[in-house]
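Colleague: need the 3D shape of this:
(2 chains)
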Amino acid sequence: MNISRRDLFKFAGISVAAAAVSGCTAATGAAPGAQNATSKMLGKHQVVIIGGGWGGLTVAKELKKIDPNFDVAIIEKNDSFMSCPFSNCNLGGIKGVSLSTLTYDYSQAVEKNGYGMLTAVVTGIDRENKVVYTSKGGVGYDILVLAPGIDYNYKGQFPTWDAAKIAKARRVAPAALVPGGEHVALDRMVKNMEEGDVVITVPAGKYRCPPAPFERASMIANYMKNEGLKGKVIILNETAEVAKGAAFKETWKDLYAGVVEHQDNCKIVDVDFDKKEITYVQTVFANKDDVEGVKTTKTLKYGIFNFIPHNMSNPVIEMAGVATTPDGFKKVKMATSPEKPVSFATATDANVFAVGDVVGHAIPPSGQSAIWSGKECAKEIAHKLHGKSYSVASALPYKSANVCYSMVNGNPEEAIMVNHEFMVQGPVIGSKGSVPKGDEAGNKFRSTGLGKATRDWYKGAMRDLFS
Amino acid sequence: MDRRNFLKVVAGATVIAVNPSLIRGNLYAADGALYQTYEKAQLVDAAGKPIKASALAKEVTYIFNYPYASTPCMLINLPQPTDKEVTLKSDSGETYVWKSGVGKERTIVSYVAICTHQMTHPTPNDSFIGYVPKAKKTMAYDKSGIIVCSSHLSAFDAGAGAKVLGGAATQPLASVVLEVAADDTIWAIGVLGQDKFHDYFKEFRPELKEFYGGPAEAKKLVSISAKTVKLTEYSKEIIQY
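Modeller: Below you'll find the predicted structure:
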C-alpha cells in the first residue's frame, strides 16, 4: 500500500488527537518547519523494528551481537514489558509468582545490547519513502521488521456489535492474550472471585499461544481448589481442537474432575455483559462423517468471563500494506524463491521482514518460536546488510526449535509440554509437535520435573530477552 | 597427598599457567583463541582418592566444580572414541579447534555444565543438563548419546566438542581441557571455548550465596583437586527429556 496524501493527513489527525489526549508531545529531533507530530522526522535508522515483544527484542539483540555497528531501533508503544508466557502461573497462585514476575523494564536491555528504543505508537507506514510514522514523528529506515503481535477481531466475529459494546467487552471480559492492563484486570477478577463459574472461550482460526486457554483453565481451577471456591471453569471451544489435548484432558480428569469442563464446537452468538450471560450454539456431530451435526442454542451464566475473541494481525500489518493471507487472521505472506525457499522477508517487499505472531509460516505463535524466528531473521538481515546471502532453509530441519510448557498443578507443581521441530514445508516453515509423557515411568503426561522446567524455561527466556 | 606431591602439583600448575604451549594433553585450542589455562586440578572422588580414567563408568555423567568453586563441569566416558580436530564456532564468530577425547580409547570428555543458551546448570537441588545414554530416548534430538539441556531442549554432540545439534543454544558448551597421566589419573588444566562464568556469577548471585556462602567463595579458584561425583549424587533431582 502506498500512502496517499489523504491517508497521511488521516494519520496526522489520529496522532494529533492521541497527543492531545495523553498530553505528550514529541521531544527530540524536530525537523525545522514541522507542521505537526507526524510530518516531523525524528531521524533514520538502518534497521527499524516495530514491536518490543519476544520477536522484536530478539531481532534487535541478535543484530547488535552480529555487528555492533548496525544502527538498530525498536518502536514500541509500551514503556515496559509484560510476559504473556508464564502469566497463567500468576492466575493459578503458583508460589512466588506475581504480576511483577511478568514485568520487565526495557532500560537494561537497551543499555546492555546497544539498540535504540522509541516509545511511540505507530500511525502509518510509507514503504515507498521508507518512513514509519509514529505518535512522536517519522522514523526512516533501510530495513523494516514487523513484529507487532496480535489484535482482537471483535468486529469481524460480531458484526452487529457497536464500538461501545466492544469497548465494554474489553473492559469486563478481558481476553488477556495481549499483556498489560488485560492481564492486570483478569488477575484482579480471579483474585476477588467469590462465587460463580469462570468461562473461557477458545477462538477458531490462528490465535496467540494455542495452549494458553487450557493452561489458564487448569491454573484457575488450581487456584479455586486452594481457595475452597466452589465454581467450575467452563471452556467454550469454537472447535474441537485442544493443543496438547491428551495431556490436558488427562490432567483435568485426574485433578479437576467436575471442575474443569471442556465443551467442543461452541460458537458464541451474543453476550449480555450486564446480565453476565453468554448465548452460544453448540454443534454435536454423530461421527466423523457427519458434517452437518445437530445444533443447539444454549445460554450460560458466568461469574468471570475470559472472552478470547478471534485473533488477527496487529493493524500495523495493514498499515505496511504487505500482502496477507485471505483468512481472518491476515498472516503476512512470506518471500519464497528457488535459492531461498523460506524466509522472514515479506513476499511484498525485500526490505520489509516479519517475525512473531504475524508470520505466514506454519509454526506455533509462541514465545520461543518468536525467539527462534528472531534469531534467523537477524541472520538474514545481517547478511543482506553485509552484501551476502543467507537462506533460513540451511538451518532446517531444526530440532526443538519451539519448546513450550504449561503448568497444570500447583501442589505439587506439575506441568506438561510440547516440543516442535521446524522444517521446510513448501514455501513456508512448517512444524511438527510431540507431547511426551513427562514422568520417569511414562505413565502420565504431567510431572514435577516438567513443573521445574517451566520455571527454568521462563527464567532462561527472560535472560534471553533482557540480559 | 604428602607434602612433596603437593608441591609437585603446584609447581606443575605454575609451569602450565606460564606457558600453555607446554601442555601435553591432546585436547586444546590449536590457535590459542578462546583458551584459558587455570590451576591444574586432579579429579578425585568424594573420599579424596584419585579417579582413574579406566575406572570411569561408561555413559554416566560425573560432575566436578572447576575452574571456580561454583562452576560445575561434566565428565563423561563415552561408549565410542570421539571425533578428532573438530572446528567449532563461538557466538562471537571466532573459530577454534577441539582436539579429541582423552584416555586410552579417546572416550573421555569434559564440558562446562553451564548451558551456553541461558546458563541452566546443575545445582544441589536439581539438574536439567546432562548426558543422555544411548539406550535412553530424548525429546531434544532423534538420537541419544548426546548432551541435552532439558530447560529449552538444547542438544550438544558429546563426541564432537559439544557442537550444537538443536534447541535454543547457538554455541557449543565450553570444554574442560583434561590430561590423563601415565598413572591413569585425570587432571583438569583449562577451559576451551566461550565460557559464561562472568554472566553466571552475576545472574545467580542468590543461588551462589545459598550454596557456596557468597560471591567471593563462589569465585574461588579450584586448586590441587576437584571432587568428582555422579550427577545423581550432585543433584537431588535429575530432569531429563
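Colleague: so residue B:144 makes contact with residue B:130?
Modeller: No: the criterion here is C-beta atoms under 8 Å, and residue B:144 misses it with residue B:130 at 11.8 Å. (Glycine included, C-beta is placed from N, CA and C.)
Colleague: more neighbours, these two?
Modeller: Remark: of residue B:144 and residue B:130, residue B:130 carries more neighbours, 25 against 18, as counted by other C-beta atoms under 10 Å in any protein chain shown.
Colleague: what separation do you get for the closest residue to the more buried one other than its chain neighbours and chain A?
Modeller: In space, residue B:130 comes closest to residue B:61 once its chain neighbours are excluded; the distance is 4.2 Å by C-beta to C-beta, 6 or more residues apart in numbering or on different chains. In this structure, residue B:61 and chain A are 16 Å apart, going by C-beta to the nearest C-beta, to the nearest Å.
Colleague: which residues does residue B:61 bridge with?
Modeller: Using DSSP bridges, the bridge partners assigned to residue B:61 are residue B:76.
Colleague: residues contacting it?
Modeller: With contact set as C-beta atoms under 8 Å, 6 or more residues apart in numbering or on different chains, residue B:61 has these partners: B:74-76, B:130-131, B:230-231.
Colleague: so how do I select the buried members of the residues you listed in ChimeraX?
Modeller: In ChimeraX, this line selects whichever of the contacts of residue B:61 come out buried by 16 or more other C-beta atoms under 10 Å in any protein chain shown:
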select /B:74,75,76,130,131,231
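Colleague: quick one: which of the contacts of residue B:61 sit in strands?
Modeller: The subset of those located in strands under the criterion DSSP state E comprises B:74-76, B:130-131, B:230.
Colleague: for those, which one is nearest chain A?
Modeller: Within the ones in strands among the contacts of residue B:61, proximity to chain A (C-beta to the nearest C-beta) peaks at residue B:130, which comes in at 12.6 Å.
Colleague: that closest one touches residue B:74, doesn't it?
Modeller: Yes: Residue B:130 lies in contact with residue B:74 (C-beta under 8 Å); the separation is 6.8 Å.
Colleague: tell me the contacts of the most centrally placed residue in chain A?
Modeller: For chain A, the residue lying nearest the average C-alpha position, counting by C-alpha atoms, centre = their mean, turns out to be residue A:208 (4.4 Å). Contact criterion C-beta under 8 Å, 6+ apart gives A:84, A:149-150, A:177-178, A:311, A:357, A:365 as the residues in contact with residue A:208.
Colleague: neighbours around residue A:287, how many?
Modeller: 5.
Colleague: what sits against residue A:178?
Modeller: Residue A:178 makes contact with A:84, A:149-152, A:208, according to C-beta under 8 Å, 6+ apart.
Colleague: thought residue B:217 was touching residue B:69?
Modeller: Yes: between residue B:217 and residue B:69 a contact is recorded at 6.3 Å, counting by C-beta under 8 Å.
Colleague: tell me which of the two has more neighbours.
Modeller: Neighbours per residue (other C-beta under 10 Å) separate residue B:217 from residue B:69, with residue B:69 holding more: 19 against 14.
Colleague: can you tell me how far the more buried one is from residue B:123?
Modeller: Here the distance between residue B:69 and residue B:123 works out to 14 Å (C-beta to C-beta, to the nearest Å).
Colleague: what do you get for residue A:307?
Modeller: When C-beta to C-beta is the yardstick, residue A:307 and residue B:123 sit 42 Å from each other.
Colleague: for residue B:214, which non-adjacent residue is spatially closest?
Modeller: The shortest distance from residue B:214 to any residue that is not its chain neighbour, by C-beta to C-beta, 6+ apart, is 7.4 Å, and that residue is residue B:208.
Colleague: what are the contacting residues of the helix or strand where the one you found lies?
Modeller: Following DSSP states H and E, the helix or strand that holds residue B:208 is helix B:205-212. For helix B:205-212, the external contacting residues (C-beta under 8 Å, 6+ apart) are B:69-70, B:123-124, B:201, B:214-215, B:218.
Colleague: how does it look with 6 Å?
Modeller: For helix B:205-212, the surrounding residues in contact (C-beta atoms under 6 Å, 6 or more residues apart in numbering or on different chains) are B:70, B:124, B:218.
Colleague: what count of nearby residues applies to residue B:49?
Modeller: 8.
Colleague: so what's it up against?
Modeller: Taking C-beta under 6 Å, 6+ apart as the contact definition, residue B:49 lies against nothing.
Colleague: so which of the contacts of residue A:208 belong to strands?
Modeller: Cross-referencing these with the strands (criterion: DSSP E) gives A:150, A:311 as the overlap.
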